[in-house]
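S.K.: Structure here, sequence nowhere to be found:
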């Protein structure tokens, strides 16, 4: 995505004023590199141009409403779009890493039954600039520390907003833009097989994570409506295409739901399904949402992980972060956007 495509409102102002072409490069760098939120901060621009841009193409596409800080250092950002929609973004600090989890849609159309965002339904897609700006705001907030990783695992199904998502990621990856290495960027999908294949064919080395959550077809259809359109065999065929095409590790996300998908038979089926040296299973205990599910106990989650490794699976049990501010995986929109109280996971 070039600068004019990323900033069409800026391009319109520049054309109306008959500004030289280098102005777009200056503005692009001001937003993506210097992280300005007001054109007055872009001191290399003439005052007249600053004023024209402020009126016709504001430097901030999103309004930052609130930053919530969790006891573990996780930060959750509540933004409003120019048309009044609320979205959330999370920054997770861990040792030397600063990971930003971004949203690509207002709400989500996928309707996964254990996810708070899915209860919202879908309002609209975010624009490329709205997606990338979430990272810019987080980067500015935590400076002089730097954002080390971006995961597209917030509100929405990125593959249903494919072009805008890829455009934003290319700006984040652009050495003349935000400058984050492609291998430090990961996109998560609920399993849209055609888009997985398309993503595999992209030239950038972005990582991919597929939400699996159970190896059994009937169970997956019960908790993930997308499974009615894309069977597990179809999904795994797309997964094989991805690793064959890219030779990159492919991650499978698996939320442990008590009594639903956390039994030994699930581990055994996963060991057969994910029998590939480039497949990695990311386990996560369910984070409370008002959906009727419960979390697998910590002890049972550890046993699940140990059994998976015994059967030869490459697997990790990820810690939940930011639960006390509803910033953990699956919780976005649980409180700020739906008005329901948070109940931390025991």
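M.R.: That came through, no problem. None of the values given here were measured: they were computed from a predicted structure.

S.K.: Could you chop this protein up by domain?
M.R.: For the chain, the domain assignment from automatic domain parsing gives the residue ranges 3-56, 63-325.

S.K.: looking at those, which has the lowest confidence?
M.R.: Lowest mean pLDDT within the domains of the chain: domain 63-325, at a mean of 93.

S.K.: hey, where'd the strands end up in the stretch 51-200 of the chain?
M.R.: Under the criterion DSSP state E, counting those that start in this stretch, strands of the stretch 51-200 of the chain are mapped to 63-69, 75-80, 86-94, 97-101, 105-107, 122-125, 149-152, 185-189.

S.K.: want to throw those into CSV with mean neighbour count and distance to residue 32?
M.R.: From N, CA and C alone the C-beta is placed, and that goes for glycine too. Listed next are those as CSV, based on neighbours: other C-beta atoms under 10 Å; distance: least, C-beta to C-beta, whole Å:
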stretch, mean neighbour count, distance to residue 32
strand 63-69, 14, 17
strand 75-80, 20, 18
strand 86-94, 23, 17
strand 97-101, 21, 14
strand 105-107, 24, 22
strand 122-125, 18, 21
strand 149-152, 23, 13
strand 185-189, 22, 14
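
S.K.: Put together TSV for the ones you listed, with distance to residue 290 on each row.
M.R.: Below are these laid out as TSV (distance: least, C-beta to C-beta, whole Å):
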stretch	distance to residue 290
strand 63-69	19
strand 75-80	18
strand 86-94	16
strand 97-101	21
strand 105-107	16
strand 122-125	19
strand 149-152	24
strand 185-189	22
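
S.K.: mind checking which of those is nearest residue 46?
M.R.: strand 63-69 (26.3 Å; C-beta to C-beta).

S.K.: Based on its surroundings, how many neighbours for residue 258?
M.R.: The number of residues packed near residue 258 is 15, by other C-beta atoms under 10 Å.

S.K.: pretty sure it contacts residue 294?
M.R.: Yes. Under the criterion of C-beta atoms under 8 Å, residue 258 makes contact with residue 294 at 4.2 Å.

S.K.: any common contacting residues for those two?
M.R.: Common neighbours of residue 258 and residue 294, counting by C-beta atoms under 8 Å, 6 or more residues apart in numbering, are residue 286.

S.K.: Return the most buried member of the domains of the chain.
M.R.: domain 63-325 (a mean of 19; mean count of other C-beta atoms under 10 Å).

S.K.: gap between it and the chain center?
M.R.: 6 Å (C-alpha atoms, centre = their mean, to the nearest Å).

S.K.: now stretch 28-41
M.R.: Chain-centre distance of stretch 28-41: 23 Å, with C-alpha atoms, centre = their mean.

S.K.: which residues sit against that stretch?
M.R.: So stretch 28-41 is in contact with 3, 6-7, 42, 44-45, 49-51, 53-54, 58-60, 132, 136-137, 139-140, 143, 171, 174, 176-179, going by C-beta under 8 Å, 6+ apart.

S.K.: Sweet, I'm off.
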